[in-house]
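*Asks:* Please find the sequence and the predicted model below.
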Amino acid sequence: MVVAYSIAWMLLFRGSLAAAGSISSREYLPYWGLVLVTGVLEAVVALILLTRPDITLNATVLAIGFATMLYGALETVAAFEVRNLPARFDDLTEQAGTEPTQHLAPIGAQR
């Protein structure tokens, strides 16, 4: 029961800070509305979890499972993006007309 209340209070705190942070940084944050909606939804879910602590642990297990699947998908996409990064970096530096100021030797190379 203590774990369920701890999770709900943490979610309420996180949601309220996300909402307040998005409002205060709306001049600098391009998608501040999305962060605001996320914070409000987190606060609403936290209030529901505080009133029904019996579903909190089930919801936590499901949330961890979905977050893990999403993280795995994002890692896969990032791996394919990183694979093309050296060629894209060379293209970007040529367009900017910049040259590296210092050339480093590969690891393990003799100086």
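*Replies:* Noted; the coordinates are in hand.
*Asks:* Show me which residues of the longest helix anywhere in the chain are buried.
*Replies:* Using DSSP state H to define each element, the chain has its longest helix at helix 56-83. Of the residues in helix 56-83, 56, 59, 60 count as buried by neighbour count, 16 or more other Cβ atoms under 10 Å. All C-beta atoms are positioned from the backbone trio N, CA, C, and that covers glycine.
*Asks:* For the helix or strand just after that helix, list the C-alpha coordinates in CSV.
*Replies:* Following helix 56-83 in sequence order, the next helix or strand is helix 85-96 (DSSP states H and E). The C-alpha coordinates for helix 85-96 follow below in CSV (Å, rounded to 0.1, in the frame of the first residue of the first chain):
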residue,chain,number,x,y,z
LEU,A,85,26.0,9.7,-38.8
PRO,A,86,29.6,9.8,-40.1
ALA,A,87,28.5,10.5,-43.7
ARG,A,88,25.9,13.1,-42.6
PHE,A,89,28.5,14.8,-40.4
ASP,A,90,31.0,15.1,-43.3
ASP,A,91,28.2,16.5,-45.5
LEU,A,92,27.2,19.0,-42.8
THR,A,93,30.8,20.2,-42.2
GLU,A,94,31.4,20.6,-45.9
GLN,A,95,28.3,22.8,-46.2
ALA,A,96,29.4,24.9,-43.3
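*Asks:* starting at the chain centroid, how far to stretch 34-44?
*Replies:* 14 Å (Cα atoms, centre = their mean, to the nearest Å).
*Asks:* mean confidence for it?
*Replies:* In this model, stretch 34-44 has an average pLDDT of 92.
*Asks:* can you list contacts of it?
*Replies:* Stretch 34-44 has contacts (Cβ atoms under 8 Å, 6 or more residues apart in numbering) with 11-12, 14-23, 29.
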